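>>> Any chance you can model this:
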Amino acid sequence: MQRRALAGLVLALAIGTSACGERRDIADLAANLAPYDQLRGMNIAELRAGQVRAIRRDLQRAPLEGFRERVGDWDVVYSVQGYDGTGDESWPREDVQILEVEATQQLPSDSAAMKAWYETATKIRNETGATPHCLSVSGPGFALYVVEFDRGGNWRLAVTYAPSLRLRNRKELSARTAVAVRRFSLRERYPQEGQPNPDSLPTWKDEPEECKLP
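Here you go, the predicted model:
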């Protein structure tokens, strides 16, 4: 009788686990890098806008993006598809899924940002065994250098280096490095260089030389 009860309990737990769907802790998906180590317990696979607001109490609205918060030296943005928020004070709909979280850190020089980018990409490769895929993304007046790692289930872990940039108002935007968890590749979001681009989106091209990590 006890064995039957135990078997029934195991079956119920198995069904309950499968019903919950995929579970990917954001800290594990991001190889436990800062600042994602401070977001542990957040299931990125099924994360909704309302859950983010409930878990992260210091969020601010980020028009055209979703939410924003500071975690140490990092500016963390949670992207909500289809959210505008520029013409009113509305927040993203609570049932919309979060498909991208990006943490950006400003650094004092291009060399410091490039070093952080390279070291982070090397650490991810060494700790996860994932194959790096390198590309550059360019648009009017800017360029980004990206290393993407396939983390399974269509998830990508990406590390980006952005050189300092002088804006049209002559203000300078500091060099930055970013670590992003995305349910897509930038190759899917933007057209490849030389391909049709009717919407004048940024374009990407492969940079295999950048992927020669030690």
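
>>> can you map out the helices along the chain?
Using DSSP state H, the helices of the chain run over 2-19, 26-29, 49-55, 110-128, 186-189.

>>> Could you pull out the buried residues of the second one?
This means helix 26-29. 26, 27, 29 (16 or more other CB atoms under 10 Å). For glycine as for every other residue, the C-beta is placed from the backbone atoms N, C-alpha and C.

>>> Name the nearest of those residues relative to residue 69.
residue 26 (13.7 Å; CB to CB).

>>> Around the nearest residue to residue 22 once chain neighbours are set aside, count how many other residues there are.
Counting by CB to CB, 6 or more residues apart in numbering, residue 22 lies nearest to residue 45, which is 4.1 Å off, once chain neighbours are set aside. Other residues lying near residue 45 total 17 when counted by other CB atoms under 10 Å.

>>> wait, residue 45 sits on residue 26?
No - the pair residue 45 / residue 26 is not scored as a contact, 9.1 Å apart, by CB atoms under 8 Å.

>>> residue contacts, the residue nearest to residue 22?
Neighbouring residues of residue 45 by CB atoms under 8 Å, 6 or more residues apart in numbering: 21, 22, 23, 24, 153.

>>> returning to that earlier point: ranking the helices of the chain by mean pLDDT, which is last?
Of all the helices of the chain, the minimum mean pLDDT falls on helix 2-19 (a mean of 35).
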